[in-house]
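S.K.: the sequence and its predicted three-dimensional model are supplied below.
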Amino acid sequence: MSTLRNALDESLTPAAATRRTRWLLAGILATHCILSVWLGWVEPGPSRWWDERFNVFNVEAILSSGQFQLANGYYGGVSYLPQTLVLAAAQKAPGGLGLPPILNPGGYLTAAGYHVLRVSQAIWGTAALLLLFLLARRLMPPNIALLAVAFMAVSSRLHHASAIFKPDVELLATTLLALILGWRAATSAPKTRDYLAAGVAIGLAVGSKLNGVAVAAPLVLATLVHYREWTRWPRLALAGVASFLTFWMFNPDIARVLRSLDKNRAHYEYTATGGVLDVLWETLLYPFRENFHGPWVAGLGLVGVLLVAAWLLGLTLDRDQAQDCGVQDRRLAWWMLLSYPPTYYLLYALASPRAKANHFLQIVPFVALFAAVSVGVVAVMVRGRNRWLRLALAGVLLYLIATPAFRSSRWIYEQTVPTTWDQAQDWIEAQLPPPSRAYRVASVERARRGRLPRSPAYARVPVSASDLSGFDALIVPRTSIPALVTARSASIWLEEDVPKREFQPGAFRARGEALVAALRPGRLVEHPDAGRVRFVQGDRGTLSVGLPASLSDAVLSVRLRIGLGDRWASRLYLLSGKETLHFTLGPASGGDIFVTTPRFRAPGEGQLVLGLEGKELPATAKAELFVWSTL
């Protein structure tokens, strides 16, 4: 028992950082930043991550108007105002600081704008790792603090948050900052400025995302521990005022924030996980998922919590050490750290009916910290013992870091390097004239790999398909070409005048198998009546058009132009006689996106009715009719 006590004392006593530790820390920070920038660099636009658009809309509104004019209040100002100021300064600086245009003529962010925003997230994520080290080294030796940083850095949850333009990583960094400054305010000789600084940090956390309010709990706990020191209470009140003012400075339209909060809660109730206990149980399991820490590191984190609790109990019973001011401060710091996760879990389960993994990013550093404590205690206990025992511990430690590091790196690679299927699909859609979503593409045998096709127009067919003539494009594995040659239906695709392109896999270029794509697109017909057909307002917020006799048996498709902010696109439908057709999403063009129906046979001289499930069509909806030579 004394060996464990000594190991705990040594593992939980801070020391000066060595030069080697600083270099290793710099390497971890640089690696994380580079990988996060790489992850966020591809597909710079609104089509990659849906949730980015809420912050992007605010950035676009401010840059376009030149005023503090918001589009929504879903995310806090800390998560987008600093980046917006950087973009605004770059726009107004002579020569734009060498950057390409940030906004296009339609007032929407360009690829350069998205790159700046996502790089800023990588910087926030790297800062969070540095803040974890600064927090940990106040409580433990630098090598164990570095191990905590390593456990956190290999989490793919952190990499994702460090690439997507959402407030999760800002909340993580400001939470760690609030804990560091809160501990300074909780020491045996606090100053008013320490409480004010802690209050500002708490305000930044809440100002990035409202669930940052839980980080106030450790500071309140520290004040309660010193309840007899009456000077702490007015300082705590000042910290509360500083916190509110900081929050208000970044979120002046509090009414809008509260309205957005109500909308979010209504949405969460619609997609609820269950009751309070259901949410609590599911969220408690998050650290054990592979995209957080995995079962081994999360299990070590639980053991670390028990070890620290045992150490704190031992300090409480040891009256000699309990009188030491330095020991008192460290003991209080650990209690503050222990108080945050249960406070956050409980408040979240009470406030939200839906469990969401990204809301628990700020639990990652706590699991990493306590897991590092477990490893540190074991390392101290085996030091100087059997050489093979030490080598076994080194092997286990290497496994604990290398496994999630490999998993995260592989995930980043898969997210950034496209498949040959993706490349073939992009090439086909770039070659097809609009409306490209009305075309039909045949995917032969195993060609449909990687991400699911973006449109139901993609059909998987066997090599021996009896009829491939009804398709506009073909994707086939290179290894299946010989079998395709012998299929009579494939002869039309093998003619020399049919455009073809081969897509080969290669490191950092493409994943998957070698594919060949070929094009025989259907022909658009310039029908004299097609341009005269106009959709007009119909009953209950729909658009309708009566087809002339000349189009009564034609092959048609309908394309609708909508703004990037119109989330209702997935609920559009078109009634053609007794047939209900749904729209598929097309690529963005300028400030708009297009949705298109598949090709269909006109319902005689009947009507086409365009509607939106559950609500009226916006007045901005503009529909176009296309006529085709074949179905």
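M.R.: Cool, got the structure.

S.K.: can you give me the helices in the stretch 401-550 of the chain?
M.R.: Applying DSSP state H, counting those that start in this stretch to the stretch 401-550 of the chain gives helices spanning 420-431, 481-485.

S.K.: got a markdown table for the ones you listed, with mean pLDDT, distance to Arg256 and mean neighbour count too?
M.R.: Using the backbone N, CA and C atoms, a C-beta is placed for each residue, glycine as well. Shown next, in a markdown table, are the helices of the stretch 401-550 of the chain (pLDDT from 0 to 100; distance: least, C-beta to C-beta, whole Å; neighbours: other C-beta atoms under 10 Å):
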| stretch | mean pLDDT | distance to Arg256 | mean neighbour count |
| --- | --- | --- | --- |
| helix 420-431 | 84 | 38 | 20 |
| helix 481-485 | 68 | 58 | 15 |
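
S.K.: indicate which one of the ones you listed is closest to Arg407.
M.R.: Ranking the helices of the stretch 401-550 of the chain by proximity to Arg407 (C-beta to C-beta) places helix 420-431 first, at 21.9 Å.

S.K.: what packs against the closest one?
M.R.: strand 441-444, strand 473-477, strand 500-503, strand 515-519 (3 or more C-beta pairs under 8 Å, 6 or more residues apart in numbering; DSSP states H and E).

S.K.: same thing but at 7 Å, please
M.R.: strand 500-503, strand 515-519 (3 or more C-beta pairs under 7 Å, 6 or more residues apart in numbering; DSSP states H and E).

S.K.: who's in contact with the first one?
M.R.: It stands for strand 500-503. Strand 500-503 is touched from outside by 420, 423-424, 427, 478, 510, 514-518, with contacts defined as C-beta atoms under 7 Å, 6 or more residues apart in numbering.

S.K.: could you dump the helices of the stretch 401-550 of the chain to a markdown table with distance to Val525?
M.R.: Formatted as a markdown table, the helices of the stretch 401-550 of the chain follow (distance: least, C-beta to C-beta, whole Å):
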| stretch | distance to Val525 |
| --- | --- |
| helix 420-431 | 19 |
| helix 481-485 | 30 |
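
S.K.: which one of these lies closest to Ser629?
M.R.: helix 420-431 (17.7 Å).

S.K.: got the angle between the closest one and strand 473-477?
M.R.: For helix 420-431 against strand 473-477, the angle by axes from the mean of the first three to the mean of the last three C-alpha atoms, to 10 degrees is 160 degrees.

S.K.: now do helix 420-431 against strand 515-519, angle only.
M.R.: Going by the same axes, to 10 degrees, helix 420-431 makes 20 degrees with strand 515-519.

S.K.: how about the helices of the stretch 251-400 of the chain, start to end?
M.R.: So, for the stretch 251-400 of the chain - with DSSP H, counting those that start in this stretch - the helices run 254-270, 276-284, 295-317, 319-322, 325-351, 364-382, 387-416.

S.K.: and the helices and strands packed on helix 420-431: which comes nearest Gln415?
M.R.: strand 500-503 (18.9 Å).

S.K.: of the contacts of strand 500-503, closest to Thr174?
M.R.: Distances from Thr174 to the contacts of strand 500-503, taken by C-beta to C-beta, are shortest for Ala510, at 39.1 Å.

S.K.: correct me, but the closest one touches Pro418?
M.R.: Yes. Ala510 lies in contact with Pro418 (C-beta atoms under 7 Å); the separation is 6.0 Å.

S.K.: shaky segments in the stretch 401-550 of the chain?
M.R.: For the stretch 401-550 of the chain, applying pLDDT under 70 flags the ranges 433-440, 443-470, 483-492, 494, 496, 540.
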